[in-house]
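**Student:** sequence first, then the predicted structure, then my questions.
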Amino acid sequence: VRLPSIVLNTRWDDATWILTSAFIIFTMQSGFGLLESGSVSQKNEVNIMVKNAVDVLFGGISYWMFGYGLSFDKIGSDQEKNHPFVGLGEFFVDETDPERVGNVFSHFFFHASFATTATTIVSGAMAERTKLEAYIIFSFLNTLIYCFPAHWMWDCAGWLKAMGVVDIAGAGAVHLVGGVTGLIATLMLKPRTGRFHDGVELPAMGSPTNTVFGMFMLWWGWLGFNCGSTYGISHNKWILAARSAACTITASIGGGMTAITLSYLGKRRKFDVTFLINGVLGSLVSITAMCALAHPWEAYIIGVVGSLIACTGCLLTERLRIDDPVSVVPVHALGAIWSLMSVGIFGRKDALAEKLTVYDGLLAGGGFKLLGIQALAIISIITWTAITSFVLLKLIDLTLGLRVPLHEEILGADLVEHSINGTYDKSSHEWRDRDGKL
Amino acid sequence: VRLPSIVLNTRWDDATWILTSAFIIFTMQSGFGLLESGSVSQKNEVNIMVKNAVDVLFGGISYWMFGYGLSFDKIGSDQEKNHPFVGLGEFFVDETDPERVGNVFSHFFFHASFATTATTIVSGAMAERTKLEAYIIFSFLNTLIYCFPAHWMWDCAGWLKAMGVVDIAGAGAVHLVGGVTGLIATLMLKPRTGRFHDGVELPAMGSPTNTVFGMFMLWWGWLGFNCGSTYGISHNKWILAARSAACTITASIGGGMTAITLSYLGKRRKFDVTFLINGVLGSLVSITAMCALAHPWEAYIIGVVGSLIACTGCLLTERLRIDDPVSVVPVHALGAIWSLMSVGIFGRKDALAEKLTVYDGLLAGGGFKLLGIQALAIISIITWTAITSFVLLKLIDLTLGLRVPLHEEILGADLVEHSINGTYDKSSHEWRDRDGKL
Amino acid sequence: VRLPSIVLNTRWDDATWILTSAFIIFTMQSGFGLLESGSVSQKNEVNIMVKNAVDVLFGGISYWMFGYGLSFDKIGSDQEKNHPFVGLGEFFVDETDPERVGNVFSHFFFHASFATTATTIVSGAMAERTKLEAYIIFSFLNTLIYCFPAHWMWDCAGWLKAMGVVDIAGAGAVHLVGGVTGLIATLMLKPRTGRFHDGVELPAMGSPTNTVFGMFMLWWGWLGFNCGSTYGISHNKWILAARSAACTITASIGGGMTAITLSYLGKRRKFDVTFLINGVLGSLVSITAMCALAHPWEAYIIGVVGSLIACTGCLLTERLRIDDPVSVVPVHALGAIWSLMSVGIFGRKDALAEKLTVYDGLLAGGGFKLLGIQALAIISIITWTAITSFVLLKLIDLTLGLRVPLHEEILGADLVEHSINGTYDKSSHEWRDRDGKL
């Protein structure tokens, strides 16, 4: 068999970049795992790690089955015939045409790493009180929530993309979708038992060291996330990737510095670990939408504001008695809203990224048009996500039930679901510790 | 000095890929370390981490001295004059010819990361009862066991390679060799004291969180392992790497889903962490042989079967009273046998990988020829490995002794070998805790 | 807007390498974090992780503001007009010229990962007794100490570089600067309370498993550090990167083997974890200066000597009653001195690296010239670093105070600074445990 010459001379540099980035992004699953499992009480530590594996397994299989197909139309297909609301591309992804094998698989693999990340975000909001069976079903179905906004924002035929929306690395499709789904889930689950009772303090972090280590892992994973979103390095894409790296790091610096200052001033000269983590992650979410297009000083400002939003957002969810164990709503939902808005403010046409930016933003003299498009994207995604996640979670709640019984919540999921440090009988509700005592 | 033009215009893209993959593969040492040290009792946690460092140090030096030379003939040497059973290439690897420096060092470095992984697999089977001195000698000599099968399977002159065997990323040379050596080692060491006594339960995992984290690290390391085994990205190698990534992830998804289902059905609706880990790793081993050649749905099936084999294999070793602390035999030995067989079933000639695949497999209408070659490889490797590892381990046992005395086993290697949490005198057998009490 | 053709046809392969290396280098922050936090007592574990985040945040911002500009002159600027002592390049790094954007940002990002590493080294020496406020100010100002030697050693206009000094990956600018600053800091801080009192033992490592895991992370991060220092892979740079990988791993093998042997012989057949870690890291520091130029057997020897220096150096600092909690001085300062000297001994002109090596070293028949230049670099860097770090730390000590009060040291920084496991009032000095008891 002779291969067509195009295959033999094509973009392998881009493939390296996409695959390497995806490898780095996959480390974010364990980053989220450690961050979350270190944040909750020790009785749920292992359970959280398992949930993060479930995200890859059940979120991954549905993305392979229908998620990628609903997100993206076939590579090389006639753009005009594609649907603006939903993709009809590769289902049960496979490819035998030598000219397309490499592009299809690298593109699918890269986006699978994004899709499973979106699911992982939700797991934080549902921590310490969700049935694992229910979570497994949810992580399979969450792909349905995710892939529509992904199509709107990233596919050339997507209706928001066609309007000129800018979202380089998934502030909308990944973080806003994940954050809003997390909000719906935590509201439907209700707070952990005793969480907002007077006089009862927040449970201590099981392992703050693991939590900070998880933050570091997410930090470097984010570099792959943002820099890989150029889809390659050929032509001038490498320039965008380099700018993305510089802006991602300056934004996170702004965010971390702000969080430390806030904690120092507001918490009697203490350096609260939760502030630091929410500040760094909030700023990383904030720079996601325009990472490859910003100036470093803009990235710094965007990070500072993102950190302020994430840190004060925590106080707000606390006041509203929304139980959000690892601050998914302020960091991912509020951070993503700011991220998409910030493009409308700071964005501009860019000679190096002509396909990515059609309009100038507010400060570049383009008026409110880009800001309006970005706001429309925010409203559309929130509406879509709130409705679909409510329906899906309600269906699961009515059939399987979302929340574990009270005594199982008190015993902790490590014992109940995984027989760590003892055994528990799900039928008789009897449990024994490791020495066999009841 | 003027450089020949070939050096200045050659394959640096391939070098990037090989080196980046090797960096990722080196993270597998700590992945195995955390997986193993989290699985054993806390009194041996640090010792396991040290053993994983020993694998790189003493396994690495012997690979540099004679392992690489016995595995691969010199790059560019006359293939017809090379020996089918053993390589006679670079010993004490060095190179000064500017035209060869880059290729020799990147090829050596990549394969050193493979070789040390093969040794690391064995450390799991020997956990909690092996003298560290003996293990150090073993890890140095294990290269002798490993490099012959590596030559047969991968070097163009190797007798199995010449017959048309297919083993892209080392199911045979790495996992089957490691798994069989582990089996011989655990049989020779005998079970940990009290392991199969009636009424005595399996010791609890020291740190299940670290174990799951270790699994995640291996998962992403495997992406480097399987995708890097294309040896580059130029021409159509990038296409194979992309297919490798997609198949590795779908296989692991199949494996993990199967393990979770098995545990749920077989363990009274529990989600056993050991099942999950063995299922994911078993499926990753299973896809290793044909990662770059499969369709994703084939990879999924291969992963499902691999997970079934790994999970039921654990019950088998348990029934046979083989004490295998981290399931090395079912995951790596049985998984690798299935991996090599699966190529005989699902394999086919591939236009994109003409040098890698000579025959069609069973389902592609090629009859039993490829399956026979793969079976021959399995039998040859098992025979070779069983004999050589028996001889080597026996020699060590007769001279140094493999197993620690009973009281040292009970005290734990962290105290005995590393003076963690106290001191122990290897001559008088006295030990003191940190407060100085006997 | 039409882009100039140079941008469209330029070195994206190099950019991939630089960015990928920098991603890997950023994992070293968490590697150092785990190594240090696992080594200290548990009451300071989280505090160390936060300090490592502070290094990226406050060290990163000052590097962006003035560190990069003082280190490197503008890319493409007239070399003859630049200053040999200090760079006057990009301050508040930004770039809009499409022809320069990619180079400026990738170069800045890569070197930011180096600069924050230099600061992180110091944090180990200051562990368990430094005020976090003081450390934050220090990490911001440390850039001033670092960027001058970076200019001398790496910038084409730097006075040592112009003389022909060789320091591929920062033995001088990163490790010697970090180690000497650490020495000054620990001398000024004085030992931890009770550290050298008779009969009081060294506090136990909080988590030896995390410490060894941190060593593994640094090990693989060092591969990015040393291989990325070729600044790319185009032309023959990929060959240097491959040689760098091979030499880095053989050096560390030599170092680790030496440390294990030393511990076995000197510590009554014990395998001391501290020896292993210091030996591996000491050898990695040692090969940093000539990683891309050595033969593997030379790298092995350099690693063996580096490990001997690091391990015996620990005994020396102990004897001199210098309290250096994670052996920063022997590993980084002494290791770096040997690293720079070793180039003078083993170095030679290299056809593959003409710009990097101007003179032959001692063994290559070049006499003492190169050795003299390397010695001059060592003396200059030590003098510069000792003076500037003394002045900066003294200024901080006289204003904010460097050391925490005794009762805060005894309580531990996790409680005092981060309210882990209780609360502490910095004004009234009252503290309560988690149950609210005083």
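**Tutor:** Happy to help now that I have it. Given the structure is predicted, the values throughout are model-derived calculations rather than measurements.

**Student:** what ranges does the stretch 1-150 of chain A have for its helices?
**Tutor:** Ranges of helices in the stretch 1-150 of chain A, per DSSP state H, counting those that start in this stretch, are A:5-8, A:12-39, A:45-54, A:60-62, A:68-71, A:98-125, A:132-154.

**Student:** nearest to residue A:263, of those?
**Tutor:** The minimum distance between residue A:263 and the helices of the stretch 1-150 of chain A falls on helix A:12-39, with 16.4 Å, by CB to CB. Where you see a C-beta, it was placed from the backbone N, CA and C, and this is true even at glycine.

**Student:** could you check the angle that closest one makes with helix A:98-125?
**Tutor:** Here the directions of helix A:12-39 and helix A:98-125 differ by 20 degrees (axes from the mean of the first three to the mean of the last three CA atoms, to 10 degrees).

**Student:** which strands and helices sit next to helix A:12-39?
**Tutor:** helix A:45-54, helix A:98-125, helix A:208-228, helix A:237-266, helix B:12-39, helix B:208-228, helix B:237-266, helix C:12-39 (3 or more CB pairs under 8 Å, 6 or more residues apart in numbering or on different chains; DSSP states H and E).

**Student:** the residue lying closest to residue A:245 once chain neighbours are set aside - how many residues pack around it?
**Tutor:** Spatial nearest neighbour of residue A:245, chain neighbours left out: residue C:109 (4.5 Å); criterion: CB to CB, 6 or more residues apart in numbering or on different chains. Other residues within reach of residue C:109 by the criterion other CB atoms under 10 Å in any protein chain shown amount to 29.

**Student:** likewise for residue A:198?
**Tutor:** Residues lying near residue A:198 (other CB under 10 Å) number 4.

**Student:** any idea how far it is from residue B:70?
**Tutor:** Distance, residue A:198 to residue B:70, by CB to CB, to the nearest Å: 72 Å.

**Student:** can you check residue A:415 too?
**Tutor:** Going from residue A:415 to residue B:70 by CB to CB gives 51 Å.

**Student:** the stretch 101-250 of chain A against chain B: which residues are in contact?
**Tutor:** Listed as neighbours of chain B in the stretch 101-250 of chain A under the rule CB under 8 Å from any CB of the partner chain: A:101-103, A:105-106, A:108-109, A:112, A:132-133, A:136, A:207, A:210.

**Student:** biggest separation within those, which pair?
**Tutor:** With CB to CB as the measure, no two of these lie farther apart than A:101 and A:207, at 43.5 Å.

**Student:** for the helix or strand hosting residue A:379, packing partners?
**Tutor:** Residue A:379 belongs to helix A:369-399 when assigned by DSSP states H and E. If contacts are counted by 3+ CB pairs under 8 Å, 6+ apart, helix A:369-399 sits against helix A:132-154, helix A:159-163, helix A:177-189, helix A:335-346.

**Student:** next, the angle from it to helix A:335-346.
**Tutor:** Using the same axes, to 10 degrees: helix A:369-399 against helix A:335-346 is 170 degrees.

**Student:** avg pLDDT for the helix or strand that helix A:369-399 is followed by?
**Tutor:** Downstream of helix A:369-399, the next assigned helix or strand under DSSP H and E is helix A:406-411. The average pLDDT for helix A:406-411 rounds to 88.

**Student:** which secondary structure elements does helix A:406-411 sit against?
**Tutor:** Against helix A:406-411 (3+ CB pairs under 8 Å, 6+ apart) you get no helix or strand.

**Student:** so how far is that helix off the chain centroid?
**Tutor:** Put simply, helix A:406-411 sits 29 Å off its chain's centre (CA atoms, centre = their mean, to the nearest Å).

**Student:** outside of the next helix or strand after it, which residues touch it?
**Tutor:** Remark: after helix A:406-411, the chain's next helix or strand is helix A:413-418, criterion DSSP H and E. Contacts to helix A:413-418, defined as CB atoms under 8 Å, 6 or more residues apart in numbering or on different chains, come from residues A:42-47, A:50, A:128, A:132, A:404, A:408, A:420-424, A:426, A:431, B:208, B:270-273.

**Student:** recalculate using a threshold of 6 Å.
**Tutor:** A:43, A:44, A:46, A:47, A:132, A:408, A:420, A:421, A:422, A:424, B:271, B:273 (CB atoms under 6 Å, 6 or more residues apart in numbering or on different chains).

**Student:** out of the residues you listed, who's nearest residue B:229?
**Tutor:** Closest approach to residue B:229 among these (CB to CB): residue B:273, at 29.2 Å.

**Student:** what residues are up against residue A:27?
**Tutor:** A:217, A:221, B:220.

**Student:** let me fix that, I meant to ask about residue A:377.
**Tutor:** Neighbouring residues of residue A:377 by CB under 6 Å, 6+ apart: A:160, A:165, A:172, A:340.

**Student:** what about 10 Å?
**Tutor:** Contact analysis of residue A:377 by CB atoms under 10 Å, 6 or more residues apart in numbering or on different chains lists A:149, A:152-153, A:159-161, A:163, A:165-167, A:171-173, A:176, A:289, A:340-341, A:343-344.

**Student:** cool, and residue A:117?
**Tutor:** Applying CB under 10 Å, 6+ apart, the residues near residue A:117 are A:25-26, A:28-29, A:31-32, A:55-56, A:59, A:146, A:170, A:174-175, A:178, A:218, A:221, A:225.

**Student:** where does pLDDT dip in chain A?
**Tutor:** Flagging of chain A using pLDDT under 70 yields the residue ranges A:1-11, A:199-201, A:434-438.

**Student:** could you find the closest non-adjacent residue to residue A:196?
**Tutor:** residue A:321 (4.8 Å).

**Student:** for residue A:188, see how far away that neighbour is.
**Tutor:** Look at residue A:321 and residue A:188: by CB to CB, they are 14 Å apart.

**Student:** which one of these two is surrounded by more residues?
**Tutor:** Under the criterion of other CB under 10 Å, the comparison of residue A:321 against residue A:188 puts residue A:188 first, with 16 against 10.

**Student:** so stretch A:225-244, near chain C or not?
**Tutor:** Yes - using CB under 10 Å from any CB of the partner chain, stretch A:225-244 reaches chain C at A:227, A:232-244.

**Student:** just put those in CSV and tack on neighbour count.
**Tutor:** Compiled in CSV, these are given as follows (neighbours: other CB atoms under 10 Å in any protein chain shown):
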residue, neighbour count
A:227, 32
A:232, 21
A:233, 28
A:234, 17
A:235, 17
A:236, 21
A:237, 22
A:238, 29
A:239, 29
A:240, 27
A:241, 31
A:242, 31
A:243, 30
A:244, 30
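
**Student:** can I get these in a markdown table including distance to residue A:313?
**Tutor:** Shown next, in a markdown table, are those (distance: CB to CB, whole Å):
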| residue | distance to residue A:313 |
| --- | --- |
| A:227 | 27 |
| A:232 | 35 |
| A:233 | 36 |
| A:234 | 40 |
| A:235 | 39 |
| A:236 | 36 |
| A:237 | 34 |
| A:238 | 36 |
| A:239 | 34 |
| A:240 | 30 |
| A:241 | 30 |
| A:242 | 31 |
| A:243 | 28 |
| A:244 | 25 |
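
**Student:** and for the one residue in the stretch 151-300 of chain A that gets nearest to chain B, the neighbour number?
**Tutor:** Residue of the stretch 151-300 of chain A nearest chain B, by CB to the nearest CB: residue A:210 (7.4 Å). Look at residue A:210: counted by other CB under 10 Å, it has 24 neighbours.

**Student:** cool, the one 10 residues further on as well?
**Tutor:** Counted with other CB under 10 Å, residues neighbouring residue A:220 total 22.

**Student:** ok, it touching residue A:24?
**Tutor:** Yes - with contacts defined as CB atoms under 10 Å, residue A:220 counts as touching residue A:24 at a distance of 7.1 Å.

**Student:** which residues do these two both contact?
**Tutor:** Residues touching both residue A:220 and residue A:24 (CB under 10 Å, 6+ apart) are C:23, C:24, C:27.

**Student:** the first one against residue A:217, yeah?
**Tutor:** No - Residue C:23 is not in contact with residue A:217 according to CB under 10 Å; the separation is 11.8 Å.

**Student:** identify the contacts common to these two.
**Tutor:** By CB under 10 Å, 6+ apart, residue C:23 and residue A:217 have no common neighbours.

**Student:** kind regards, and thank you for your time.
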